[in-house]
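# Kindly return the folded structure for what I paste below:
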Amino acid sequence: MSSRHEISALEETAVRWHERLQREAVPERLRAAFSRWMDKAPEHRAAYEAVDRAWRFAKGVAHEPRILELRHETALRLTRRAAHPPRWMGWAAAILLFLGGALLYTQRDRLIDWSHGSRMAGVYRTAVGERLSVTLEDGSRVTLNTDSVLRSAFDTHERRVVLERGQAIFEVAKDTVHPFVVETAQRRFVAVGTAFDVRIDGDRVQVTMLEGTVRVERSGPGERAMPVRAAAPAAVATITAGEQLTVLDERQDRIQLAEPDRVTSWRRGQVVFQDFRLADAVAEINRYSPVHIELAEGALGDLRISGAFATGRPTVFVEAMTTYFPIDATNVDRDTVLLSPRKAAPETAIAGQ
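Below is the predicted model:
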């Protein structure tokens, strides 16, 4: 990580003081010690004020992809320097980044690097690692995720688009006369004015509602989908904000409560894992980069992990796994990284035995 100067011991001390003073209950003895430290030298006060300014700005852009990435990289660096990582590394990582010059306030508008994908004759597509945001002819807005293909098929009766591959968020312009239809090979999702995320993984289709309501129909002729909600089938599926529908097979869908912020975190350039199997997390990370991570042993995939990671940066994910878990990484070739359980170091033989 490049910076205009190395983070000094004084700056780290100021960060520690700032973190302690953010707690709900601060003992008087701690406040007195802080006052003595502040009065000891003008440099102390200047360092603390710089930390406070950085902290306020860092909070304002806490979820920007680049900030999450930099916070993580700094936390990793601090971990290497300490046998036991300090509790204050969460916000401290972000603050030290600003103090070290990794990101300047004037660069704020450049934090999110949108790749533009391609669009041609009503077909919109993204390559691996790209995202694309487009406004359709009716004013609806579509944001495509990595490795996705969307085809516009508007006609006089309905505003229809076909998601052929990948994932997209649809923010639908209201039009009560012409329904907005997102079609996949398995289902049709009909809306008037709403917002929802559609993801295709092979034969599996997942729809997460962000706003409004969507009606779910079968694609093509035949019987409509029969969802399962609390073991009670219905003739037509209707999902509303905060719900998620998953196509289980040709005739049955599952509806459950959703986690919209986590599902749509890719739009902010990150993936969020909460108690995920390592195998599932690796599969998700692999969606965003030509460099793929593989697991040497099947049992390793059952390891549970949590965290937020920048998309398209598999090396940062690998570094986190090898830092926080007994895992080793091996570069098999330019496009493959193998994760395997760390082997125990051989015991040193005792002289004379």
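
# any idea how this protein splits into domains?
Per automatic domain parsing, the structural domains of the chain span 9-110, 118-262, 269-341.

# what would these look like in JSON lines with mean neighbour count?
Every residue, glycine included, has its C-beta placed from N, CA and C. As requested, the domains of the chain are exported to JSON lines (neighbours: other C-beta atoms under 10 Å):
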{"stretch": "domain 9-110", "mean neighbour count": "16"}
{"stretch": "domain 118-262", "mean neighbour count": "17"}
{"stretch": "domain 269-341", "mean neighbour count": "16"}
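
# With mean pLDDT as added columns, please give those domains in JSON lines.
Converted to JSON lines, the domains of the chain look like this (pLDDT from 0 to 100):
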{"stretch": "domain 9-110", "mean pLDDT": "65"}
{"stretch": "domain 118-262", "mean pLDDT": "85"}
{"stretch": "domain 269-341", "mean pLDDT": "93"}
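
# Now do the helix or strand where T208 lies: which elements does it pack against?
Assigned by DSSP states H and E, T208 belongs to strand 204-211. Contacts defined by 3 or more C-beta pairs under 8 Å, 6 or more residues apart in numbering; DSSP states H and E place strand 204-211 against strand 187-191, strand 195-201, strand 237-240, strand 243-247, helix 260-263.

# rerun at 7 Å
The contact analysis (3 or more C-beta pairs under 7 Å, 6 or more residues apart in numbering; DSSP states H and E) places strand 204-211 against strand 195-201, strand 237-240, strand 243-247, helix 260-263.

# A299: which of these is closest?
With respect to A299, and counting by C-beta to C-beta, the nearest of these is strand 195-201 at 23.6 Å.

# List the neighbouring strands of the closest one plus their orientation.
Pairing partners of strand 195-201, with direction, according to DSSP bridges: strand 167-171 (antiparallel), strand 204-211 (antiparallel).

# T146 is nearest to which of the ones you listed?
strand 167-171 (7.5 Å).

# Skip ahead from the closest one and say which helix or strand is next.
Strand 167-171 is succeeded, C-terminally, by strand 180-183 (DSSP H and E).

# Now A279. Nearest residue, chain neighbours left out?
Using C-beta to C-beta, 6 or more residues apart in numbering and skipping residues adjacent in sequence, the residue nearest A279 is G301, 2.9 Å away.

# Could you tell me how far that neighbour is located from F180?
39 Å (C-beta to C-beta, to the nearest Å).

# T194 too?
8 Å.

# Packing partners of the longest helix along the chain?
Secondary structure of the chain per DSSP state H: the longest helix is helix 42-60. Here helix 42-60 touches helix 9-21, helix 28-40, helix 89-99, going by 3+ C-beta pairs under 7 Å, 6+ apart.

# angle of it against helix 9-21?
60 degrees (axes from the mean of the first three to the mean of the last three C-alpha atoms, to 10 degrees).

# Figure out how far helix 42-60 is from the centre of its chain.
Centre-to-centre, helix 42-60 and its host chain are 28 Å apart (C-alpha atoms, centre = their mean, to the nearest Å).

# what's the answer for stretch 329-336, then?
With C-alpha atoms, centre = their mean, you get 24 Å for stretch 329-336.

# What of stretch 144-151?
17 Å.

# Format the CA atom coordinates belonging to that stretch as PDB.
C-alpha atoms of stretch 144-151 as PDB (Å, rounded to 0.1, in the frame of the first residue of the first chain):
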ATOM      1  CA  LEU A 144     -25.900  -5.500 -14.100                       C
ATOM      2  CA  ASN A 145     -23.400  -7.500 -11.900                       C
ATOM      3  CA  THR A 146     -20.400  -9.500 -13.100                       C
ATOM      4  CA  ASP A 147     -20.600 -11.800 -16.100                       C
ATOM      5  CA  SER A 148     -24.300 -11.000 -17.000                       C
ATOM      6  CA  VAL A 149     -26.300 -10.700 -20.100                       C
ATOM      7  CA  LEU A 150     -29.700  -8.800 -20.400                       C
ATOM      8  CA  ARG A 151     -31.800  -8.500 -23.500                       C
END
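
# List of residues touching it?
117, 122-132, 142, 161-168, 266, 287-288 (C-beta atoms under 7 Å, 6 or more residues apart in numbering).

# With stretch 255-265 instead?
169, 197, 208-210, 227, 229, 237, 239, 242-245, 271-272, 274.

# now do the same end-to-end measure for it.
21 Å (C-alpha to C-alpha, to the nearest Å).

# just how off-centre is that stretch within its chain?
Counting by C-alpha atoms, centre = their mean, stretch 255-265 is centred 12 Å from the centre of its parent chain.

# Next: stretch 321-335.
21 Å.

# Same question for stretch 298-306.
So, by C-alpha atoms, centre = their mean, the centroid of stretch 298-306 is 19 Å from its chain's centroid.

# Thought G312 was touching G129, still the case?
Yes - counting by C-beta atoms under 7 Å, G129 touches G312, with 4.6 Å between them.

# Overlap in contacts, these two.
Joint contacts of G129 and G312 (C-beta under 7 Å, 6+ apart) are Y288, S289.

# Tabulate the CA atom coordinates of stretch 237-247 in CSV.
Extracted in CSV, the C-alpha atoms of stretch 237-247 (Å, rounded to 0.1, in the frame of the first residue of the first chain):
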residue,chain,number,x,y,z
ALA,A,237,-46.6,-16.4,-6.1
THR,A,238,-46.5,-12.8,-4.9
ILE,A,239,-43.5,-11.5,-3.1
THR,A,240,-43.1,-8.1,-1.3
ALA,A,241,-40.3,-6.0,0.1
GLY,A,242,-38.1,-7.9,2.5
GLU,A,243,-38.9,-11.3,1.0
GLN,A,244,-36.8,-13.6,-1.2
LEU,A,245,-38.0,-16.2,-3.6
THR,A,246,-35.8,-19.1,-4.7
VAL,A,247,-36.7,-21.5,-7.6
